[in-house]
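*Asks:* Give me coordinates for this.
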Amino acid sequence: MPQSLISSSKRRMIVHLGVQKTGSTAIQRFLNQNAKTLADRVTVRTPVKGSSMPPLGRAALAYSLGAGGASHAAALSAAWRDVLDGLPANDLPVLLSHENLAGAMPGNGGETRLYPLLPEIASLLSDQTPEFDVHFVIYTREMSNWKPSVWAQAIRTDGYTGTEGEFLTEVADLPDWDDLRARMVATLGALRISFLRLEDETETDRPGRQLLKHVGFSDPEIDALTPMQGLPMQRLNTGSTEFLRQLNGLALNPHARSRVAGLVARSQELFTAATPSKGTL
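*Replies:* Residues are numbered from 1 along each chain as shown. Presented below is the predicted three-dimensional model:
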């Protein structure tokens with residue numbers, strides 16, 4: 001029986017912490033696409049624009065990059081309470097998903113460690129939620145595939161300027177996922193945290209099967225959900241990534257840089273060695 005299904009008199013809450021580049025965006029898109037079908041079984045919250053979830057993710061990142069501290073803790077607690085206050089007053093389990101709750105990934109703001117403050121973040125959220133039986137879920141990915149993906153994402157979203165080789169050198173001493181697992185268990189206890197492997201998610205059109213099974217859905221129920229078409233936040237091609245890497249070295253306004261990154265993501269054919277096909281310019 002999944003640890004999250006252990007009986008409790010409290011209302012259940014499953015907090016999917018990500019981490020970044022382990023399929024979180026695809027899972028969230030799949031959950032949102034099937035929101036109406038899921039609504040009578042579970043209350044779902046993802047980083048939908050205009051909701052209380054994006055501020056929560058930003059507060060967790062600030063806490064991580066600021067190495068904790070009372071002011072960052074207070075801001076994170078306030079953002080968390082905003083999310084909790086928006087939950088419906090019923091007995092349905094709650095599924096929250098936000099990869100930035102893990103804190104800064106390597107390459108963001110000079111971070112080179114493996115989520116050093118994630119146990120603190122999870123403990124703070126749990127301590128602020130005594131009315132729920134909170135269980136945390138983290139997806140992992142084979143390190144040899146995860147690190148290059150994190151590098152490309154850091155260039156795309158976090159202004160990282162180093163080459164892939166430079167990044168891999170910076171994170172050469174990064175421990176494996178067992179280190180994070182041990183730190184999470186030491187802080188929360190073994191029954192409060194589950195680690196799932198991205199490699200065990202074998203269906204790209206129904207991502208998050210393992211997570212939904214933790215909530216309590218059966219395989220036939222998951223199979224009945226509307227499959228997802230396409231994958232969001234796929235890695236940019238080599239030319240686009242290199243263009244953004246060099247762009248990151250310029251003193252651009254962050255908003256302007258973000259706008260350019262969006263244009264690059266939508267026009268990747270312009271950054272290939274091949275000549276664009278007729279009608280693409």
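
*Asks:* who touches the closest residue to Val260 other than its chain neighbours in this structure?
*Replies:* Spatial nearest neighbour of Val260, chain neighbours left out: Leu247 (6.4 Å); criterion: CB to CB, 6 or more residues apart in numbering. C-beta: built from backbone N, CA, C; applies to glycine. Leu247 makes contact with Arg257, Val260, Ala261 under the criterion CB atoms under 8 Å, 6 or more residues apart in numbering.

*Asks:* Which of the residues you listed ranks first by neighbour count?
*Replies:* Using other CB atoms under 10 Å as the neighbour test, these are led by Ala261, with 20 neighbours.

*Asks:* and it, what element?
*Replies:* helix 254-266 (DSSP states H and E).

*Asks:* Identify the structural domains in this protein and state their residue ranges.
*Replies:* As assigned by automatic domain parsing, the chain contains the domains 3-223, 238-270.

*Asks:* averaged over its residues, what pLDDT does the last one have?
*Replies:* In this model, domain 238-270 carries a mean pLDDT of 90.

*Asks:* Counting neighbours, which bits of it end up buried?
*Replies:* Gly239, Ser240, Thr241, Phe243, Leu244, Arg245, Leu247, Asn248, Arg257, Ala261, Val264, Gln268 (16 or more other CB atoms under 10 Å).

*Asks:* any idea which helix or strand carries the closest residue to the fifth one other than its chain neighbours?
*Replies:* Spatial nearest neighbour of Leu244, excluding adjacent residues (CB to CB, 6+ apart): Ile155 at 5.2 Å. Counting by DSSP H and E, the element that carries Ile155 is helix 143-158.

*Asks:* what does that helix rub up against?
*Replies:* For helix 143-158, contacts defined as CB under 8 Å, 6+ apart pick out 20-22, 105-109, 140-141, 160-162, 164, 167-168, 171, 174, 176-177, 233, 235-236, 241, 244-245, 248, 261, 265.

*Asks:* pull the CA atoms of whichever helix or strand Tyr63 is part of into CSV?
*Replies:* Here Tyr63 is covered by helix 53-65, with elements defined by DSSP H and E. Extracted as CSV, the C-alpha positions of helix 53-65 are listed here (Å, rounded to 0.1, in the frame of the first residue of the first chain):
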residue,chain,number,x,y,z
MET,A,53,0.2,28.8,-6.6
PRO,A,54,2.7,30.8,-8.6
PRO,A,55,3.4,33.2,-5.6
LEU,A,56,3.9,30.1,-3.5
GLY,A,57,6.6,28.8,-5.9
ARG,A,58,8.3,32.2,-6.0
ALA,A,59,8.3,32.4,-2.2
ALA,A,60,9.9,28.9,-2.0
LEU,A,61,12.6,30.0,-4.5
ALA,A,62,13.3,33.1,-2.5
TYR,A,63,13.6,31.1,0.7
SER,A,64,16.0,28.7,-1.0
LEU,A,65,18.2,31.4,-2.6
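
*Asks:* average pLDDT for that helix?
*Replies:* 97.

*Asks:* Ok, stretch 152-167 next?
*Replies:* For stretch 152-167, the mean pLDDT works out to 94.

*Asks:* Same question for the helix holding Ile155: list its buried residues.
*Replies:* Buried residues in helix 143-158, counted by 16+ other CB under 10 Å: Trp146, Lys147, Val150, Trp151, Ala152, Gln153, Ala154, Ile155, Arg156, Thr157, Asp158.

*Asks:* What separation is there between the residue nearest to Leu244 and Phe167?
*Replies:* Ile155 sits 9 Å away from Phe167, going by CB to CB, to the nearest Å.
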